[in-house]
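Novice: this one's structure only:
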């Protein structure tokens, strides 16, 4: 089962990778399982690691803001 980690943890991992930390050091610093961070590091090296996963609520908020900016009004 894939665990979900908050965006701030993923972002911090990405920053550590960019600064040259390996997956073991990053896992120790963040207190995460080594295997998880190893997988993140492999994906990061390929350019596939994203630390900005949006929640459904964030996506809906963005859509609502976009429609407001376009001048759409609700049907109430």
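Specialist: Right, received. Where do you want to start? Keep in mind that what you see is a predicted model, and the values were worked out from it rather than measured.
Novice: drop to CA atoms for contacts and neighbour counts, all remaining ones
Specialist: Will do.
Novice: would you map the helices across the chain?
Specialist: With DSSP state H as the criterion, the chain has helices at 7-18, 23-30, 34-45, 56-69.
Novice: how far off helix 23-30 does the first one point, in degrees?
Specialist: When axes from the mean of the first three to the mean of the last three C-alpha atoms, to 10 degrees is applied, the directions of helix 7-18 and helix 23-30 differ by 140 degrees.
Novice: which helices and strands sit right next to helix 7-18?
Specialist: Applying 3 or more C-alpha pairs under 8 Å, 6 or more residues apart in numbering; DSSP states H and E, one finds that helix 7-18 makes contact with helix 23-30, helix 34-45.
Novice: now do the buried residues in it.
Specialist: 10, 13-14, 16-17 (16 or more other C-alpha atoms under 10 Å).
Novice: give the buried residues for the lowest-mean-pLDDT helix or strand in the chain.
Specialist: Lowest mean confidence among the helices and strands of the chain (mean pLDDT, DSSP states H and E): helix 56-69, at a mean of 75. By neighbour count on 16+ other C-alpha under 10 Å, the buried set for helix 56-69 is empty.
Novice: would you mind telling me which of the helices and strands packed on helix 7-18 is nearest residue 6?
Specialist: When these are compared by C-alpha to C-alpha, helix 23-30 sits nearest residue 6, at 12.0 Å.
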